[in-house]
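Asker: the following comprises the amino acid sequence and a computationally predicted model.
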Amino acid sequence: ITEKPTEKTCPKCGAPLLIRLGKYGKFYACSKFPKCRYTESLEENTLGIKCPKCKKGKIVEKRTRKRKIFYGCSNWPKCDFALWDRPTGEKCEKCKSLLIETKRKQIKCSNKDCNYIKK
């Protein structure tokens, strides 16, 4: 695991945070690990969209074990919100769920019960 020091401090214990590279990408981790287990996602992966489920976290780009990209809440595991398609940040006109951009560049509603497609 490679480590890079940062200017940020751990909100739990006050120790410096390090940028570490894990199997799912880069993240902030407390330098006092294993005594303090605080971690935080790197802002470079954050889309700037508030999580529609918990309203506290932000949507971040993550990778599965097999390196496939998905989008989930930064408060995971407390919040399990996740999408395979990239959210646009816009809301659906019909149901107010997040709009997503599909692999075919189509903008549609992320709610499976809603059939809205942006023209």
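Answerer: Here it is on my side, so go on.

Asker: lowest-pLDDT helix or strand in the chain?
Answerer: The least trusted helix or strand in the chain, going by mean pLDDT, DSSP states H and E, turns out to be strand 39-41, with a mean of 83.

Asker: pull the residues that contact that strand.
Answerer: Leu17, Phe27, Tyr28, Ala29, Cys30, Val60, Ser74 (CB atoms under 8 Å, 6 or more residues apart in numbering). For every residue, glycine as well, the C-beta is placed using N, CA and C.

Asker: okay but Thr102 is in contact with Lys108, surely?
Answerer: Yes - with contact defined as CB atoms under 8 Å, Thr102 counts as touching Lys108 (6.3 Å).

Asker: more neighbours, these two?
Answerer: Lys108 (18 against 12; other CB atoms under 10 Å).

Asker: which residues in the chain form strands?
Answerer: For the chain, applying DSSP state E gives strands covering 3-9, 16-22, 25-30, 39-41, 46-50, 58-63, 69-73, 82-83, 86-91, 98-101, 107-109.
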